[in-house]
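Asks: Just need the structure, nothing else, for what follows:
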Amino acid sequence: MTSREKVLNLVKYIGLTLLISGSVMFLFGFIGSGFGILTPIGLGMIVGAVFIFLIGVFFVATEEMIDNTHKGIQLKSMNTKKGAQ
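Replies: Numbering: from 1, shown residues only. I've put the predicted structure just below:
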């Protein structure tokens, strides 16, 4: 397994764990418990999970594009007239 696949799997599992726990906290705080503070914490965890996942996917895609890009520009020599610099 390559390092990109490892990073993608790690980001996927961390994001999924945060998303599920944030959803549970949000629903528990929103639906009728006496703990109103759990609602914004749950929302923050959900948004954080989405950001972590998107940033991880962006890093993996960027690394893939860098590895697959041919580096450098080949220059052609120009034919110049005598006396021109």
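Asks: Okay, helices next: where are they in this structure?
Replies: 3-31, 38-68 (DSSP state H).
Asks: May I see these arranged in TSV, with mean neighbour count and distance to residue 81 as well?
Replies: (Glycine included, C-beta is placed from N, CA and C.) Formatted as TSV, the entries for the helices of the chain read as follows, by neighbours: other Cβ atoms under 10 Å; distance: least, Cβ to Cβ, whole Å:
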stretch	mean neighbour count	distance to residue 81
helix 3-31	15	52
helix 38-68	14	41
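Asks: Skipping its backbone neighbours, what lies nearest the residue most central in space within the chain in space?
Replies: Central residue check for the chain by Cα atoms, centre = their mean: the C-alpha nearest the mean position is that of residue 55, 1.8 Å away. Across the structure, with Cβ to Cβ, 6 or more residues apart in numbering as the measure, the residue nearest residue 55 apart from its sequence neighbours is residue 11 (8.0 Å).
Asks: Please list all residues in contact with the one you found.
Replies: Shown in contact with residue 11 (Cβ atoms under 8 Å, 6 or more residues apart in numbering): 52-53, 55-57, 60.
Asks: Give me the distance between the residue nearest to the centre of the chain and residue 45.
Replies: As for residue 55, its distance to residue 45 is 16 Å (criterion: Cβ to Cβ, to the nearest Å).
Asks: Report whether the expected contact of residue 46 with residue 22 is present.
Replies: Yes - with contact defined as Cβ atoms under 8 Å, residue 46 and residue 22 form a contacting pair (4.1 Å).
Asks: wait, residue 8 sits on residue 57?
Replies: Yes - Residue 8 is within contact range of residue 57, at 7.1 Å (criterion: Cβ under 8 Å).
Asks: Relative to residue 28, how far out is the spatially closest residue to residue 16 that is not a sequence neighbour?
Replies: Distances taken as Cβ to Cβ, 6+ apart put residue 49 closest to residue 16, at 7.6 Å, once the chain neighbours are dropped. According to Cβ to Cβ, residue 49 stands 17 Å off from residue 28.
Asks: is it true that residue 53 touches residue 15?
Replies: Yes - under the criterion of Cβ under 8 Å, residue 53 lies in contact with residue 15, with a separation of 3.7 Å.
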